[in-house]
Structure formats: structure tokens, C-alpha cells
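Engineer: Using only what follows, build the 3D model:
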Amino acid sequence: MNVDGYKYAACYCEENIWHLCQEKDFHDYGRKVVLISNPRRSCALWEQNVQHAEGEPVIWDYHVIMLFFHDEWEVYDLDTVLETPTPFAQYIRSTFGQPPFAPAEFLPLFRVIDAGEFVSIFSSDRSHMLTPDGHWQMEPPPWPAIVRNGKSNLMDLIDMEKPSPGMVMTLSLFSACFS
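Structural biologist: Okay, here's the model as predicted:
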């Protein structure tokens, strides 16, 4: 699949996936949005396009992907070096299961939300990307921020200890549910 046709901005995975969920290519199929984080906001993911060295993980504070069901669950991660879409089991093995396995403090949790619900509730004013002196850590996307009622809920959605929409799962439960 050619992912170049979809909206993409580096380091704005939540907005990329929000737009991807609305693409007509996916409307007839099961879709889930998965927010990946942990209480330390430090998750090790391998096979990411910003990895510094081959075989080394990227430590994300959070990451967002879309699951899509067409005969089997597949993953749309617009920041992976893996083929997109990637069969779910292959994505899990390559992204979270490469030796050496990450220490416990870098293990992910997964908040799984129906894509339609994510599209209707997601809101981000992008303030999490501003440095204390007001500069952008990464240049924002060219499209307008996705803000509802003047509030951002992104930090609530990635807080795996806070009640929010969706279901929070461990890696083993997440793997079992979608394999």
C-alpha cells in the first residue's frame, strides 16, 4: 500500500491517525485506534523510521496506530519501516518483541478505542509540542489543530491510569485479542 497518499506530519501520529480513520478506503471495515504509552511515558518500539541505529528501539512518550480488519487484523503505523499495512502478529513481533527485550519500565500499555469514537472525541491543541519558552519541538502540521470545545484531551487518552474511553491492555492481552 502506498501511504504517501495520506495526511502525514512527523511526530504528530495522533493527528495522522485521526485523518487516516476518516479515509473512505477504510469505512467498510473494522477499525480501532490504539494509543500506546505507559505510566512513565517511555515505551520502547523497534522498527520505527526515526531509529538512531539498526536494531535499537525508539523511546516514544506515546504512539498512535490504527488497526484495520480485512480477513485479519492489520496495523497502519505511518512511522514504521515495516510494510504498511503490516499483519498484526508480525507488527507485534517486530515492534515490541525483538531481543533484547525492553526492561519493564519501557513496556507498553495499549488503549484501544473504536475508530469512530476516536474521531468524534479526539482533541489536541498541540500544546504538548511546545517547549517551556513557547517554541515548537517539531513543526506542526499544515492543517488546523483538531480542537473541540477549546480543550485538549490527548494527555488524558495517553494516561493509561486515568479513566478514559476505550480499554487499556497489556501487551499479552492486546496480542491475544487481535491475533
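Engineer: Please enumerate the strands of this structure.
Structural biologist: Residue ranges of the strands in the chain, as given by DSSP state E, are 30-37, 43-45, 58-60, 63-70, 72-76, 86-87, 109-114, 167-169.
Engineer: Show me which residues of stretch 8-19 are buried.
Structural biologist: Neighbour-count burial for stretch 8-19 flags 8-9, 11-19 (criterion: 16 or more other CB atoms under 10 Å). Placement of C-beta: from N, CA and C, glycine included.
Engineer: next one: stretch 51-59
Structural biologist: Buried positions in stretch 51-59, judged by neighbour count with 16+ other CB under 10 Å: 57-58.
Engineer: Dump the C-alpha coordinates for that stretch into CSV.
Structural biologist: Output in CSV follows, covering the C-alpha atoms of stretch 51-59 (Å, rounded to 0.1, in the frame of the first residue of the first chain):
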residue,chain,number,x,y,z
GLN,A,51,15.5,4.9,14.9
HIS,A,52,19.1,6.1,15.5
ALA,A,53,20.8,2.8,14.8
GLU,A,54,19.7,-0.5,13.3
GLY,A,55,18.4,-2.9,16.0
GLU,A,56,17.9,-0.1,18.5
PRO,A,57,14.4,0.9,19.8
VAL,A,58,12.9,4.4,19.7
ILE,A,59,11.6,5.5,23.1
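Engineer: what's the nearest residue to R31 if we skip its chain neighbours?
Structural biologist: Sequence neighbours aside, A115 is the residue nearest to R31 in space, at 3.5 Å (criterion: CB to CB, 6 or more residues apart in numbering).
Engineer: residue furthest from the geometric center of this protein?
Structural biologist: Using CA atoms, centre = their mean, the residue of the chain lying farthest from its centre is D133. It sits 27.0 Å away.
Engineer: pLDDT wise, what is it at?
Structural biologist: pLDDT for D133: 96.
Engineer: Now do it against P140, distance only.
Structural biologist: According to CB to CB, to the nearest Å, D133 and P140 sit 16 Å apart.
Engineer: just F106 next, same as before
Structural biologist: Look at F106 and P140: by CB to CB, they are 27 Å apart.
Engineer: Report the beta-bridge partner residues of C43.
Structural biologist: Counting by DSSP bridges, C43 is bridged to W60.
Engineer: do the same with I146
Structural biologist: Counting by DSSP bridges, the residues bridging with I146 are S124.
Engineer: Pull the contacting residues for it.
Structural biologist: Contact analysis of I146 by CB atoms under 8 Å, 6 or more residues apart in numbering lists 15, 18, 122-124.
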